[in-house]
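1. Got a sequence here, can you model it:
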Amino acid sequence: MAQTVVQTVAQVADVLAGADVIILGEVHDNKRHHQVQAEVVAALQPRAVVWEMITQEQAEALTPQILQNPAETAWVLEWEASGWPDFTLYAPVFKRAARAMQFGALVPRAQSKEALQLGVANHFGAQAQQFGLDQPLPVAEQATREAEQMANHCNALPDHVLPMLVDVQRLRDASLAAAAKRALEQTGGPVVVITGNGHARLDRGLAVYLQRALPDVVIRALGQMEEGAIQGQFDVVLSAPTVQRPDPCLGFAKSD
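-> Numbers count the residues shown, from 1 in each chain. You can find the predicted model right below:
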């Protein structure tokens with residue numbers, strides 16, 4: 001599958017326009033990525049927006065009036081305690097989405113732990129088969145994902161944890177797909193999904209699960225790079241400068 005590398009937000013919008021579900025990827029702490037998402041939402045005027053960062057209950061508490069006020073939006077969402085990057089990064093996206101119907105797809109940590117105890121398909125419930133969550137990944141893909149999780153965690157995890165992390169990632173993909181399906185059914189679309197690049201990628205993210213449930217749905221995805229680097233497959237990719245971050249592996253270092 002070919003993906004288009006573009007230079008402007010207008011070009012991004014042109015590629016994505018006309019889809020039923022439009023997935024806007026991000027690196028969570030990159031300010032420019034959120035500015036791009038806000039501009040694309042303004043250009044495409046979706047009828048619904050699905051958020052990886054909030055629950056359905058939180059989404060239902062949002063009104064157009066609240067969404068016009070960043071401070072009130074952050075308060076309603078209890079954002080400061082959420083663990084996500086500073087709300088000022090996301091504020092432009094929420095504000096631009098004020099006219100749309102809001103949907104949440106967050107799987108809280110406590111639910112993730114419960115899912116690992118029950119099995120992610122059992123936790124997901126009756127829709128697990130519809131979205132393909134009841135099927136194991138191909139052996140090669142499972143191994144690749146586990147290796148990526150190990151690398152992402154600085155080679156500091158015990159091996160038995162890796163399948164659990166992959167299962168949680170799949171659960172989050174399926175949760176996003178289910179929310180996008182509800183949003184499409186309730187509004188007719190288009191639906192925009194705001195999520196990390198890992199969930200936005202077409203080769204393994206939420207699109208795989210949504211396409212399984214709705215084979216005829218038209219899905220397009222934006223991947224947002226940093227200095228031209230990104231993993232996965234997207235319809236269109238756009239680059240931004242890399243955010244300066246502390247070394248994430250310092251958190252795994254053992255004290256002497």
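
2. where does this protein have low pLDDT?
-> For the chain, residues meeting the criterion pLDDT under 70 lie at 1-2, 253-256.

3. mind listing the strands in it by residue range?
-> Remark: strands assigned in the chain by DSSP state E are 4-5, 21-24, 48-51, 101-104, 191-194, 219-226, 236-240.

4. So what touches the last one?
-> This points to strand 236-240. Contact partners of strand 236-240, identified using C-beta atoms under 8 Å, 6 or more residues apart in numbering, comprise 3-7, 9, 11-12, 15-16, 30, 32-33, 36, 220-228, 230. In short, each C-beta sits where N, CA and C put it, glycine included.

5. what about Asp247, distance to Arg32?
-> 22 Å (C-beta to C-beta, to the nearest Å).

6. Now do the residue sitting nearest the centre point of the chain against Gln111, distance only.
-> Compute the mean C-alpha point of the chain, and by C-alpha atoms, centre = their mean the closest residue is Thr195, 2.3 Å away. Thr195 is 17 Å from Gln111, where distance means C-beta to C-beta.

7. okay, now Thr144: neighbour count?
-> 14 (other C-beta atoms under 10 Å).

8. my bad, Gln65
-> Gln65, neighbours per other C-beta under 10 Å, totals 9.

9. what's the answer for Arg99, then?
-> Other residues near Arg99 number 12, with proximity taken as other C-beta under 10 Å.

10. Return the residues in contact with it.
-> Applying C-beta under 8 Å, 6+ apart, one finds that Arg99 lies in contact with 45, 64.

11. Now do it against Ala48, distance only.
-> According to C-beta to C-beta, Arg99 and Ala48 sit 10 Å apart.

12. And Arg245, how far from Asp29?
-> For Arg245 relative to Asp29 (C-beta to C-beta), the value is 7 Å.

13. the more surrounded of the two?
-> Taking other C-beta under 10 Å, Arg245 and Asp29 do not tie; Asp29 has more neighbours (13 against 9).

14. quick one: Val9 and Val36 touch, right?
-> Yes. In this structure Val9 lies within contact range of Val36 using C-beta atoms under 8 Å: 5.6 Å.

15. the more surrounded of these two?
-> Val36 (24 against 18).

16. about what we covered before: please spell out the ChimeraX selection for the buried subset of the contacts of strand 236-240.
-> Listed next is the ChimeraX selection for buried residues among those, using 16 or more other C-beta atoms under 10 Å:
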select :3,6,9,12,15,16,30,32,33,36,220,221,222,223,224,225,226,230
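
17. ok now do Pro241, which residues does it touch?
-> Residues near Pro241 by C-beta under 8 Å, 6+ apart: 32, 226-227.

18. For the nearest residue to Gly223 once chain neighbours are set aside, give its distance to Pro215.
-> Excluding its sequence neighbours, the residue lying closest to Gly223 (C-beta to C-beta, 6 or more residues apart in numbering) is Phe234, at 3.5 Å. As defined by C-beta to C-beta, Phe234 lies at a distance of 20 Å from Pro215.

19. more neighbours, these two?
-> The neighbour comparison of Phe234 against Pro215 (other C-beta under 10 Å) goes to Phe234, with 27 against 7.

20. buried residues in stretch 174-194?
-> Quick answer for stretch 174-194 (16+ other C-beta under 10 Å): 174-184, 189-194.

21. Now intersect these with the helices, please.
-> Judged by DSSP state H, the subset of these located in helices is 174-184.

22. who's in contact with stretch 182-193?
-> With C-beta under 8 Å, 6+ apart as the contact definition, stretch 182-193 has outside contacts at 19-24, 40-41, 44, 46-50, 52, 97, 100-101, 103, 105, 176, 179-180, 200, 206, 214, 217.

23. Could you list the alpha-carbon positions for that stretch in CSV?
-> What follows is stretch 182-193, C-alpha atoms only, in CSV (Å, rounded to 0.1, in the frame of the first residue of the first chain):
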residue,chain,number,x,y,z
ARG,A,182,-21.0,3.6,17.4
ALA,A,183,-20.2,7.1,16.3
LEU,A,184,-20.7,6.2,12.6
GLU,A,185,-24.0,4.4,13.3
GLN,A,186,-25.3,7.3,15.4
THR,A,187,-24.2,10.2,13.2
GLY,A,188,-23.7,8.8,9.7
GLY,A,189,-20.2,10.2,9.7
PRO,A,190,-17.7,11.4,8.9
VAL,A,191,-16.0,10.3,12.1
VAL,A,192,-12.6,11.5,13.2
VAL,A,193,-10.5,9.5,15.6
